[in-house]
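Q: This is a predicted model, with the sequence first.
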Amino acid sequence: MNNRRSLILREVSNVVIPSVLLYALYVQFHGEYGPGGGFQAGVIFAAGVILYALVYGRKKTQKIFPTSVIRYFVSIGLLLYAGVGVASMFMGGNFLDYNVLSHDPQHGQHLGILLIELGVGITVAAVMIMIFYMLDEYAEKK
Amino acid sequence: MLSQHLLVLQVVVPLLSAPLCALLPLASPGKYFSNKLAWLIATVASLISFVISILLAIEVSKHGYISYELGGWTPPWGIEYRIDHLSAYVLLIVSGIASITMLAAQKSIEKEIAHEKISLFYSAFLLCLTGLLGIVATGDAFNIFVFLEISSLSSYVLIALGNNRKALTASYQYLIMGTIGATFILIGVGLLYMLTGTLNLVDLQQKIPELLDSRALHAAFAFFTVGISLKLALLPLHLWLPNAYAYAPSMITVFLSATATKVSLYVLFRFFFGLFSNEVTFGEFHLDKILLPLSILAILIASAVAIFQDNIKRMFAYSSVAQIGYMTLGIGLATKSGSVAGMLHLFNHAIIKGGIFLAMACIVIRTNSVQLSNFAGLGKRMPWTMAALLLLGLGLIGVPFTAGFISKWYLLIAALDQRSWLAAAVIVGGSLLAIIYVWKVIEYAYLKTSSKTIDSDTASTKEAPLQMLIPLWLLVAASIYFGFETSFSFGFANTAINALFK
């Protein structure tokens, strides 16, 4: 890859990518009161990573987010989501009844929605990154 | 403690097992441990959901219905899971067929799917099962759409994994048609939500009668009709089905043929009788005027096309389109007894067609092909598989003492009750056409000897592995059992439809 030609691209993305990732985390953890939530946050986070991959190449990105790790995160997000549901079942409530997660129902709701949305965010981000990797690998093979 | 959560566990067990399978390390040459483990997880999860659905059926027959508030929010505000006789009946079919499929699957999957994809394959299978069970378990219109998409997306993946490259185009075709169908259903749900402000099925049912003059309600009904017809492959919208079934991996054909279209038919029952009620569906919207002619065409055309197929899997796929015609014909008669017969045929056909495609899987694992010419002399080389295929074929035709006879008998009575002579003639005529295409296979298998000089390859063809034969014969036994003992299959369908019809 010719790095000299993409100087502006690199400099701009160096500023943009950290703020995109930070914004993703903001959307993630303010989703229960403001607009946003796990899905949007996951997409924004993945967009940041994909931008990095577009500028610096997939191989370099895979050093930070290796395929093998991303693959696990696809499942971990879903397990976290369903795990919260099962946990609330074992704590005496219905499936996904957050009230029982903490002594105070309001805290329980807070904790529940944060964990659920985190699960969604992890899976969505991981799937998006994974799809990008696979398409890129496929294009390279061709 | 778990007994009160059974209903949600029905969906959660396969949902939790799917990521577990995906977490397993991918198999590499010489290391197939994770594939075996994934199969074990998928089998155990299917069996657990089968046991749960049996417990639910017992529970439902005692209390009439079970309701579960997701997240502790009371319906109609929260999402409610709600099953009655109808849902319990379909849950039994789906989870039962899933268990049979998984018990038989291991060897066939190892042969047909690349090793590094097998654990992910089981993960996709479990997601598909989750979706199908979810559609039936939920009592929320939007939730039905969500689960429909879960099951559809995973089935596109599963079909695309077929060995033949045509599987890719078949899956793509299904993807396009399936997405259009699901979108139509979503538009229908959206219109209903706009009109009523609720998504809960029970709540919707109470609010719909006041809205009968509304144009939007008519539009919603039309969108539902087309969307669901696409999903269940009613005749002019069936084009995705034959290729999808013919080129999917053998075990996926077993599973999807016996469950996917059946669950779509359940959605039809649920929306048109549970949501709109039969008075509205037939009295106001005259669904029977469309459904009956299309069903008749489905039976005749699809059966006739099936006769000319050389790929036997494709032939039985066309036969599925015809059999779906029988089920919708029952509904199209616009009577209670017609719908009961359609429901009963749904149950019996799931067993019979699941069994037939399982026999196909047995043949593929030994001979690699389902071309008709390949069947020559197979009756001697694979006696147990071919005997099972023969018995199931008789069931498909509707010979007395098989399950297929019972449901066609009830269909015939329902048609005669309505003095619908044409429908009655078509039911009988469709069976005659079925005789032709089933006979074609039987003739090749038993009466033709292999014209090729027996080379080492064909001579060494042995009977299918026991792990596949036992589930196959379980289905054969079921198809004969339900040909004699109808108190469960008919009784349950009867109660289900009686509760639904006004």
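A: It's in. Computed from a prediction, not measured in an experiment: that's the story for all the values here.
Q: rest of the way, CA atoms for contacts and neighbours
A: Noted.
Q: residues contacting B:V340?
A: The neighbours of B:V340, taking Cα atoms under 8 Å, 6 or more residues apart in numbering or on different chains as the test, are B:G330, B:F490, B:A493, B:N494, B:I497.
Q: Count the residues that sit near the first one.
A: Right, B:G330. Here the number of neighbours of B:G330 (other Cα atoms under 10 Å in any protein chain shown) works out to 33.
Q: picking that back up, among the contacts of B:V340, which pair sits farthest apart?
A: B:G330 and B:F490 (14.1 Å; Cα to Cα).
Q: Which residue is the nearest non-sequential neighbour of residue 136?
A: Going with chain A. In space, and not counting its chain neighbours, A:D136 is closest to A:R58: 7.6 Å by Cα to Cα, 6 or more residues apart in numbering or on different chains.
Q: Chain B was what I was after
A: Closest to B:V136 by Cα to Cα, 6+ apart is B:S87, at 5.5 Å.
Q: backbone phi and psi for the residue in chain A positioned nearest to chain B, please?
A: Distance from chain B to each residue of chain A (Cα to the nearest Cα) is smallest for A:D97, at 3.7 Å. For A:D97, the backbone dihedrals (degrees, to the nearest 10) come out as phi -80, psi 100.
Q: one step back: please report phi then psi for the residue nearest to A:D136.
A: phi -70, psi -40.
Q: ok, how many other residues are close to it?
A: Neighbour tally, A:R58, other Cα under 10 Å: 18.
Q: Tell me which residues touch the nearest residue to A:V43 once chain neighbours are set aside, please.
A: Closest residue in space to A:V43, ignoring its immediate chain neighbours: A:A125 at 5.6 Å, by Cα to Cα, 6+ apart. When contacts are counted by Cα under 8 Å, 6+ apart, A:A125 touches A:A41, A:G42, A:V43, A:I44, A:F45, A:A46.
Q: give me the element the last one is part of.
A: When you say that, I think you mean A:A46. Element membership for A:A46 (DSSP states H and E) is helix A:38-56.
Q: ok, the residue nearest to B:V136 touching B:I135?
A: No: the pair B:S87 / B:I135 is not scored as a contact, 9.3 Å apart, by Cα atoms under 8 Å.
Q: Contacts only, for whatever residue of the stretch 1-150 of chain B ends up closest to chain A.
A: Of all residues in the stretch 1-150 of chain B, B:G71 sits closest to chain A, at 3.7 Å by Cα to the nearest Cα. Residues near B:G71 by Cα under 8 Å, 6+ apart: A:G93, A:N94, A:F95, A:L96, A:D97, A:Y98, B:G78.
Q: ranges for the strands of the stretch 51-200 of chain B?
A: For the stretch 51-200 of chain B, the strands defined by DSSP state E, counting those that start in this stretch occupy B:66-69, B:80-83.
Q: Pick the most buried one from the ones you listed.
A: For the strands of the stretch 51-200 of chain B, the largest average neighbour count (mean count of other Cα atoms under 10 Å in any protein chain shown) is found in strand B:80-83, namely a mean of 23.
Q: Quick check: closest non-adjacent residue to the residue of chain A closest to chain B.
A: B:G71 (3.7 Å).
Q: Check which helix or strand B:K313 maps to.
A: helix B:312-332.
Q: Also B:A477?
A: Here B:A477 is assigned to helix B:466-484, by DSSP H and E.
Q: C-alpha coordinates for that helix, CSV please?
A: Provided in CSV are the C-alpha atoms of helix B:466-484 (Å, rounded to 0.1, in the frame of the first residue of the first chain):
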residue,chain,number,x,y,z
LEU,B,466,-28.0,-47.7,12.0
GLN,B,467,-27.9,-44.2,13.5
MET,B,468,-29.9,-43.0,10.5
LEU,B,469,-32.1,-46.1,10.1
ILE,B,470,-33.5,-46.0,13.6
PRO,B,471,-34.8,-42.4,13.4
LEU,B,472,-36.1,-43.3,9.9
TRP,B,473,-38.1,-46.2,11.2
LEU,B,474,-39.3,-44.2,14.2
LEU,B,475,-41.0,-41.9,11.6
VAL,B,476,-42.3,-44.9,9.7
ALA,B,477,-43.7,-46.3,12.9
ALA,B,478,-45.3,-43.0,13.7
SER,B,479,-46.8,-42.7,10.3
ILE,B,480,-48.4,-46.1,10.8
TYR,B,481,-49.3,-45.6,14.4
PHE,B,482,-51.2,-42.3,13.6
GLY,B,483,-53.0,-44.3,10.8
PHE,B,484,-54.7,-46.4,13.5
